[in-house]
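In: build me a model:
(one chain, ligands or ions: 1)
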Amino acid sequence: MPFTFPPERTLAGVRTKLLNWFDKYQRDLPWRRNAAGELAGTRDAYRVWVSEVMLQQTTVAAVVPYFARFLAALPDVQTLAAADEQQVLKLWEGLGYYRRARHLHAAAKVLVANHGGELPDGPEVWAELPGVGRYILGAVLSQAFDRPLPIVEANSLRVLARLFGYRGDPREGEGKAWVWSAAEAVLPQNRAGDFNQSLMELGALVCTPAAPACDKCPLSANCIANRDSLQDKIPPKKKPVAITEVAEVGVVIRNGGKVLLCQRPASAGRWQNMWEVPHSPRAPGEDIGAATARVAKELTGFEIEPGAEMMVIKHGVTRYAITLVCVEATLVGGAFAPGAYATAKWVTLVELAAYPVSAPQRKLMTALADPNRQPRLF
Ligand code: SF4
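Out: Numbers count the residues shown, from 1 in each chain. Got it, this is the predicted structure:
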């Protein structure tokens, strides 16, 4: 049976209550201000776009400093389009999901090349840009141009499912279609951008996953989950992801005062075009020293003499829990063989800071560059 949304007068009441709540309680976030620092009625499309791309799969608190640095370095679509990809990746370093940064960069180039550097009020233009799906399109066009386009992300999904009492999983199958139809049904024709933000803000501040503050919620009188005490069942909990443990070895190859830094190829599954010391999985039971020499040879072509373990870095990548044992080694011979890596450079420890690297690699490089540290070579 098709889902029936409440009558229009109820939806109108929901809109008014939520917008009034948003006007009073919204957080003062940098992307809610224009370039002059003012809380503007119509927002700067570039600032909205950059912030929304950063906020996908990342918390507000983590994004705030990145947003400030990014906007200071690349204040508009022209400077972003003209930037070197390495600069864009460096500005994104630590934020993760680097494909977002590459797409943002590629999309800026398209806007400059084909649309005169304008960020247009045109869904058909945005729909063609790299990295722009339905969420980004709706978020940018509703906030920057007040277009009545819906958005769905984790916070608004939770609010909508609870508000309307949707019992299925709104993250999967027909639930996905339902949640977009709910976002559309409740969206006002005016102040669509503020309304979209108010849904997300309510989910972030009040209608939280584990402990929704229904007594402080402007929608408590309309909310089915609140009426039926189903807050902990709607939406259903995500199925836990099976985690796979992976043992890796990483090798810091030293040659005089320099270390070998390798650039991942554009075809890599992740961290494309970023830099790192060579690392690879270690076979079960494989001796660390032997694994280090094998990884160095297989990935770079260099022969090395392994030294002592330097540090162990534990980190997660999607469903993998990785334990990376880092070993310092001395160059013995050989020549760089591209393949696993696009290119490689011998760099000083000070120079390591300038290259875009993943978060676990930055941890390793920060330790390496510590002036009080002695190399652990035999
Ligand atoms: S009443 Fe409670 S469950 Fe319903 S939307 Fe508000 S905070 Fe969420």
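In: tell me which parts of the chain are close to the ligand?
Out: Neighbours of the ligand within the chain, by Cβ under 6 Å from any ligand atom: 159, 162-163, 206-207, 212, 214, 217, 219-220, 223, 225-226, 231. From N, CA and C alone the C-beta is placed, and that goes for glycine too.
In: list the contacts for Ala144?
Out: With contact set as Cβ atoms under 8 Å, 6 or more residues apart in numbering, Ala144 has these partners: 42-45, 48-49, 119, 121, 193.
In: how about it: what's its closest non-neighbour residue?
Out: With sequence-adjacent residues excluded and distances taken as Cβ to Cβ, 6 or more residues apart in numbering, Ala144 is closest to Ala45, at 3.7 Å.
In: which ones are touching Trp346?
Out: Contact analysis of Trp346 by Cβ under 8 Å, 6+ apart lists 255, 258-261.
In: go with 10 Å
Out: Residues near Trp346 by Cβ atoms under 10 Å, 6 or more residues apart in numbering: 253-261, 331, 336.
In: in its sheet, what does the host helix or strand of it sit against?
Out: Here Trp346 sits within strand 343-348, counting by DSSP states H and E. Using DSSP bridges, the strands paired with strand 343-348 are strand 258-263 (antiparallel).
In: and the strand it pairs with, which residues are buried?
Out: Neighbour counts over strand 258-263 (16 or more other Cβ atoms under 10 Å) mark 259-263 as buried.
In: run through who's touching the helix or strand that comes right after it.
Out: Remark: after strand 258-263, the chain's next helix or strand is strand 275-276, criterion DSSP H and E. Residues from elsewhere that reach strand 275-276 (Cβ under 10 Å, 6+ apart): 86, 89-90, 250, 261-264, 341, 343-345, 347, 352, 354-358, 360-362, 364-365.
In: let's see that with 6 Å instead.
Out: By Cβ atoms under 6 Å, 6 or more residues apart in numbering, the surrounding residues in contact with strand 275-276 are 261, 263, 355, 357, 361.
In: stretch 354-361 too?
Out: Residues contacting stretch 354-361 (Cβ under 6 Å, 6+ apart): 89-90, 93-94, 271, 274-276, 313, 315.
In: how about the helices in the stretch 101-250 of the chain?
Out: Taking DSSP state H, counting those that start in this stretch, the helices of the stretch 101-250 of the chain run over residues 123-127, 134-145, 154-164, 173-186, 192-205, 224-227.
In: what's the closest of those to Tyr98?
Out: Among the helices of the stretch 101-250 of the chain, helix 134-145 comes nearest to Tyr98, with 16.4 Å by Cβ to Cβ.
In: so how far is Thr343 from the closest residue to Lys345 other than its chain neighbours?
Out: Distance criterion Cβ to Cβ, 6+ apart; nearest residue to Lys345, sequence neighbours excluded, is Leu261 at 5.3 Å. Taking Cβ to Cβ, to the nearest Å as the measure, Leu261 and Thr343 are separated by 10 Å.
In: cool, and Glu286?
Out: Look at Glu286 and Thr343: by Cβ to Cβ, they are 28 Å apart.
In: start to end distance for stretch 346-358?
Out: End-to-end distance for stretch 346-358, by Cα to Cα, to the nearest Å: 18 Å.
In: for stretch 160-172, same thing?
Out: 15 Å.
In: and for stretch 70-78?
Out: 13 Å.
In: show me what counts as buried in it.
Out: Buried residues in stretch 70-78 (16+ other Cβ under 10 Å): 70-71, 74, 76-77.
In: with stretch 208-217 instead?
Out: Per 16+ other Cβ under 10 Å, stretch 208-217 contains these buried residues: 212, 214, 217.
In: can you list contacts of stretch 119-127?
Out: 45-46, 132, 137, 145.
In: got the buried residues for it?
Out: By neighbour count on 16+ other Cβ under 10 Å, the buried set for stretch 119-127 is 119, 123, 125-126.
In: and which of these is nearest the ligand?
Out: The shortest approach to the ligand among the buried residues of stretch 119-127 belongs to Pro123, at 28.9 Å (Cβ to the nearest ligand atom).
In: next one, pLDDT for that closest one please.
Out: Pro123 carries a pLDDT value of 97.
In: relative to Ala144, how far out is it?
Out: Pro123 sits 12 Å away from Ala144, going by Cβ to Cβ.
In: next: Tyr66.
Out: Distance of Tyr66 to Ala144, computed by Cβ to Cβ: 20 Å.
In: quick one, what contacts Gly334?
Out: Gly334 is in contact with 301-303, counting by Cβ under 6 Å, 6+ apart.
In: buried members of these into ChimeraX, please.
Out: Here is the ChimeraX command that selects the buried residues among the contacts of Gly334 (16+ other Cβ under 10 Å):
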select :301,302
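In: any regions of the chain where pLDDT drops low?
Out: 1, 40-42, 378 (pLDDT under 70).
In: show me the domain layout of it.
Out: For the chain, automatic domain parsing gives the domain ranges 8-227, 244-368.
In: kindly check the end-to-end length of the longest one for me.
Out: In domain 8-227, first residue to last residue: 20 Å (Cα to Cα).
In: how far is that domain from where the chain is centred?
Out: Centroid displacement of domain 8-227 relative to its chain, using Cα atoms, centre = their mean, to the nearest Å, is 13 Å.
In: could you do the last one as well?
Out: Between the centre of domain 244-368 and the centre of its chain there are 24 Å (Cα atoms, centre = their mean).
In: pull the residues that contact stretch 10-27.
Out: Stretch 10-27 is contacted from outside by 186, 188, 194, 198, 201, 218, 222, using Cβ under 6 Å, 6+ apart.
In: roughly how far does the fifth one sit from Phe195?
Out: Just to be clear, that refers to Glu201. According to Cβ to Cβ, Glu201 and Phe195 sit 10 Å apart.
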